[in-house]
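In: Sequence first, then the predicted structure, then my questions.
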Amino acid sequence: MALVVEHLSKKFGDHVAVEDLSFEIPKPGIFAFLGTNGAGKSTSIRMILNMLSKDSGTVMWNGEPLDVMKEKIGYLAEERGLYPKYNILEQMQYFGAIKGMKKRDANAAIDYLFARLKIEEYKKKKADQLSKGNQQKVQLAAALLSNPEIIILDEPLSGLDPVNADLFKSIIREERDAGKYIIMSSHQMETIEEFCEDLVLLHHGRVVMDGNLNEIKRQRGRENLTVKADRPIGDIAARCGLTLVEETPNGSSFKVKSEADANAMLSEMISQNIGVIKFDLREPTLHELFVEKCGGEANED
Amino acid sequence: MKTKGWREVFAFTFIQQIKTKSFIIGTLVITLIVALIAFMANFLPTLFLGDMMNDGGDDADDGMSIETLYLSNETDIPFEMAAAVQTLGVNVQSISAADVQTKVDSITDSTEKAVVSRIFMEEGMFSLDSRYSPEVSKGDCEVLTSMLISQIKAQYLVFSGLPEDRLLTALSGVASTVSCAGEEPTSFVQDMINAVVPMMSALVLFVFIFSYSQLVAQAIAIEKSSRIVEYLLTSIKPLALIIGKVLAMCCVSLMQFLIIGVGGGLGLVLSLPIGITSKIGEVTEAVASSAGAAGEGAGSDIDVAGVLNDIAKAFSNVDATTLIIMILTFVLGFLLYAGIAGVAGASVSKMEDLGPAIQPLSIIGVLGFYLAYFPQVTPEENVMGVVARYVPISSPFILPSDYMLGKIGLGEALISVAILLIADIAIMLLVAKVYENIILHTGSRLKLADMLKMSK
């Protein structure tokens, strides 16, 4: 089974919201769907979920057009909510009913998920009596209620305290290990690096980076060098062809053209008996890649 | 299937709505008020007509505070008041004209429960002057003088030679009807019913249909502003969402309407044993017997039985078909207004924008209401009234009463219902198209032109 999105495009008047978006999730796992604010992520997700009509493109699941009314799909929207004045349990039962679940099955799933998320005592309360974090837990439970095969999580960890963020992460891992196809959108790059192997990065509706994250990093090579020494090393770095990015109390950061340049610098520092406190040559982080691809013209909407 | 899941939306919306405090308290309070009004409408007249409904004989009015009537007959007609006045428990003592002032003076500062009355001729007509003592209530004195007046009229007619068997006819009012040639003549009561019922009916239907339509807009706006709609749309289509919601609200309003109606009916039923409807026989008998004896109550022009008969006649068209037409019109009218309200609700993403968004609905609603209401002010059939019957924004408010009162036949009613149904289908198709395209819109409130543009 695979989820394949091909050539998805959408315009609102003259504004191009999404242009020729394609990606594939060939096997169960967590796929990162990234982009700046207003890059077209929500529009793309709505098109995938068939809430919004597509100007062009297809969304295929298991070789056939994805029928969101037929397939079990869990969705945690970025702008999420609950009925503020209604009983939580009744809302969950309603969500189960519109997903075609029998009341008995829905109740069993609600019991399990509420216990797992540690919110059993809130079942009889109204949504507006819950804290934001607990409302978010209820919404995650709603997304997972029908044991969906495809799960779309839009900023699942935003606004959570570290304890609840860890709880969410453990549940997301459980779903991944259960063979679910998960699309995760987040601005927390560390979380994405922690969970995702493959990604697509949108900027102004266009794909500016996609593929396997490790592969992308490998292709870029180890080009970031952080050095901390007991003496100034500016001259040595210049001689070795390194470009200074910034200096902080933790050391100096350089861009290197090749690992050989970094090795040459290390050799020279040793030969001059300079005490090396820190020498860290690494691949670019996802954060750095993101800023590099989108940083120049980040959309603040 | 675009409507799959509407039943679940319907069930959830319906249950949540009838569980709200506003619905429960509102329904209870209004039902109690309507029941009380129905009860009192039947019961209150018995209080005012109590005196008339005494059966004229032996039972003195327990509440009468007068013990003695000092009567000075200063005419040349030998009025005999004793028998009639005794029915009120009052003794009559004749006094001369010369003693009147002395008697008035004597009761002024005494504890005697007495009335001093003079019957005399002035400018060619009988006059009655009565003074009551401080121990007597003015109301009792008026009851007594009312009886004396009736007796004066009746006994003068007999004195003038009118046979007693014609007395009732002579003292009764003249029934008059004015009607257009070819039409059934109607009484004053029927005319009143024909004017008041459509106005009241239009008002009640407008309140129900319009207020619940606004609740539809509010419910949709809540779903949008709370962002829950985005989750719902992963499981159901927008059309199913709005159909389920509108039908649920329609059923809630219909249920409330029927509960209040049943409450009113119950109030009326509870009042039957003690209300005016239970006294029809007594009233008729009282009128007949008093007239026959040229005695008490003769000359009363309150024809309770006739009034009730006119009421029954005015509503003679009410049958199962009427109820079906009423419910059908209510439902179709509601769908029309709720459809418009649904679009208004979907055009906003913040609750505070809802007020301006439902203004067009308010304008259409008020226009429809006035179109239905104003033609009823004049008793004659008029062009505006005929138009209101067939225009979809006004027909839900006027059609039920027009059919109930027999102003239109089944054929005309069905034509009006058919036009309303076509309007409903058209509005629902438009709503479905617009709603699907604007339901996920966030940001500022959409104007009609924006909505239509987005729906292309």
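Out: That came through fine.

In: roughly how far is stretch B:369-389 from the heart of the chain?
Out: Centre-to-centre, stretch B:369-389 and its host chain are 19 Å apart (CA atoms, centre = their mean, to the nearest Å).

In: repeat for stretch B:216-235
Out: 40 Å.

In: What's the end-to-end length of that stretch?
Out: 21 Å (CA to CA, to the nearest Å).

In: Give me the average confidence score over that stretch.
Out: In this model, stretch B:216-235 has a mean pLDDT of 87.

In: right, and residue B:30 touches residue B:264 too?
Out: No: between residue B:30 and residue B:264 there is no contact under CB atoms under 8 Å: 9.9 Å. All C-beta spots, glycine's among them, are computed from the backbone N, C-alpha and C.

In: Which of the two has more residues huddled nearby?
Out: residue B:264 (20 against 15; other CB atoms under 10 Å in any protein chain shown).

In: Mind listing what's buried along the host helix or strand of that one?
Out: Assigned by DSSP states H and E, residue B:264 belongs to helix B:238-271. Using 16 or more other CB atoms under 10 Å in any protein chain shown as the test for burial, helix B:238-271 gives B:238-254, B:256-257, B:260, B:263-264, B:267-268, B:271.

In: which residues touch whatever residue of the stretch 301-450 of chain B ends up closest to chain A?
Out: Proximity of the stretch 301-450 of chain B to chain A (CB to the nearest CB) peaks at residue B:440, 6.1 Å away. Neighbouring residues of residue B:440 by CB atoms under 8 Å, 6 or more residues apart in numbering or on different chains: A:46, A:51-52, B:229-230, B:233.

In: In those residues, which residue is surrounded by the most others?
Out: Neighbour max across the contacts of residue B:440 (other CB under 10 Å) = residue B:230, 26 neighbours.

In: that's a strand at that one, yeah?
Out: No: counting by DSSP: H, G, I helix; E, B strand; the rest coil, residue B:230 is not part of a strand but helix.

In: circling back to that earlier point, need the pLDDT of the residue of the stretch 301-450 of chain B closest to chain A.
Out: For residue B:440, the predicted pLDDT is 73.

In: Could you pull out the strands in the stretch 101-250 of chain A for me?
Out: With strands called from DSSP state E, counting those that start in this stretch, the stretch 101-250 of chain A shows them at A:150-154, A:181-185, A:198-203, A:206-212, A:224-229, A:243-248.

In: would you turn these into JSON lines with distance to residue A:98, mean pLDDT and mean neighbour count?
Out: Output for these, formatted as JSON lines (distance: least, CB to CB, whole Å; pLDDT from 0 to 100; neighbours: other CB atoms under 10 Å in any protein chain shown):
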{"stretch": "strand A:150-154", "distance to residue A:98": "17", "mean pLDDT": "94", "mean neighbour count": "23"}
{"stretch": "strand A:181-185", "distance to residue A:98": "22", "mean pLDDT": "95", "mean neighbour count": "23"}
{"stretch": "strand A:198-203", "distance to residue A:98": "30", "mean pLDDT": "94", "mean neighbour count": "23"}
{"stretch": "strand A:206-212", "distance to residue A:98": "33", "mean pLDDT": "92", "mean neighbour count": "16"}
{"stretch": "strand A:224-229", "distance to residue A:98": "49", "mean pLDDT": "93", "mean neighbour count": "20"}
{"stretch": "strand A:243-248", "distance to residue A:98": "52", "mean pLDDT": "89", "mean neighbour count": "11"}
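
In: Check which helix or strand residue B:7 maps to.
Out: helix B:6-18.

In: ok, back up a step: what's the closest of the contacts of residue B:440 to residue B:14?
Out: Closest approach to residue B:14 among the contacts of residue B:440 (CB to CB): residue B:229, at 18.6 Å.

In: Any stretches of chain B with poor pLDDT?
Out: B:1, B:49-63, B:175, B:183-185, B:277, B:279-306, B:314, B:379, B:452, B:454-456 (pLDDT under 70).

In: if we can go back for a sec, tell me which of the strands of the stretch 101-250 of chain A sits nearest to chain B.
Out: If you check each of the strands of the stretch 101-250 of chain A against chain B by CB to the nearest CB, strand A:150-154 wins as the nearest, at 8.5 Å.

In: Output the contacting helices and strands for the helix holding residue B:264.
Out: helix B:6-18, helix B:21-48, helix B:188-225, helix B:320-346, helix B:410-438 (3 or more CB pairs under 8 Å, 6 or more residues apart in numbering or on different chains; DSSP states H and E).

In: so who does the nearest residue to residue A:164 once chain neighbours are set aside touch?
Out: In space, residue A:164 comes closest to residue A:133 once its chain neighbours are excluded; the distance is 5.3 Å by CB to CB, 6 or more residues apart in numbering or on different chains. Contacts for residue A:133 (CB under 8 Å, 6+ apart) come out as A:159-161, A:164.

In: Narrow those residues to just the buried residues.
Out: Buried, going by 16+ other CB under 10 Å: A:160, A:164, out of these.

In: Any idea which of the contacts of residue A:133 the model trusts least?
Out: Scoring the contacts of residue A:133 by pLDDT puts residue A:159 last, at 84.

In: Check the gap between that residue and chain B for me.
Out: In this view, residue A:159 and chain B are 14 Å apart by CB to the nearest CB, to the nearest Å.

In: Export stretch A:13-21 to PDB, keeping only CA atoms.
Out: Listed next in PDB are the C-alpha coordinates belonging to stretch A:13-21 (Å, rounded to 0.1, in the frame of the first residue of the first chain):
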ATOM      1  CA  GLY A  13      -8.000  33.800  -8.100                       C
ATOM      2  CA  ASP A  14      -4.600  34.900  -9.200                       C
ATOM      3  CA  HIS A  15      -2.900  33.600  -6.100                       C
ATOM      4  CA  VAL A  16      -1.100  30.300  -6.500                       C
ATOM      5  CA  ALA A  17      -1.600  28.400  -3.300                       C
ATOM      6  CA  VAL A  18      -0.100  25.100  -4.300                       C
ATOM      7  CA  GLU A  19       1.800  24.300  -7.500                       C
ATOM      8  CA  ASP A  20       2.600  20.900  -8.800                       C
ATOM      9  CA  LEU A  21       2.900  19.100  -5.400                       C
END
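
In: near chain B at all, that stretch?
Out: No: on the criterion CB under 8 Å from any CB of the partner chain, stretch A:13-21 is out of touch with chain B, staying 8.7 Å away.

In: in that stretch, what's buried?
Out: Within stretch A:13-21, the residues that qualify as buried are A:16-19, A:21, counting by 16+ other CB under 10 Å.

In: And for stretch A:56-76?
Out: For stretch A:56-76, a neighbour-count test (16+ other CB under 10 Å) marks A:57, A:59, A:61, A:66, A:68-69, A:72-76 as buried.
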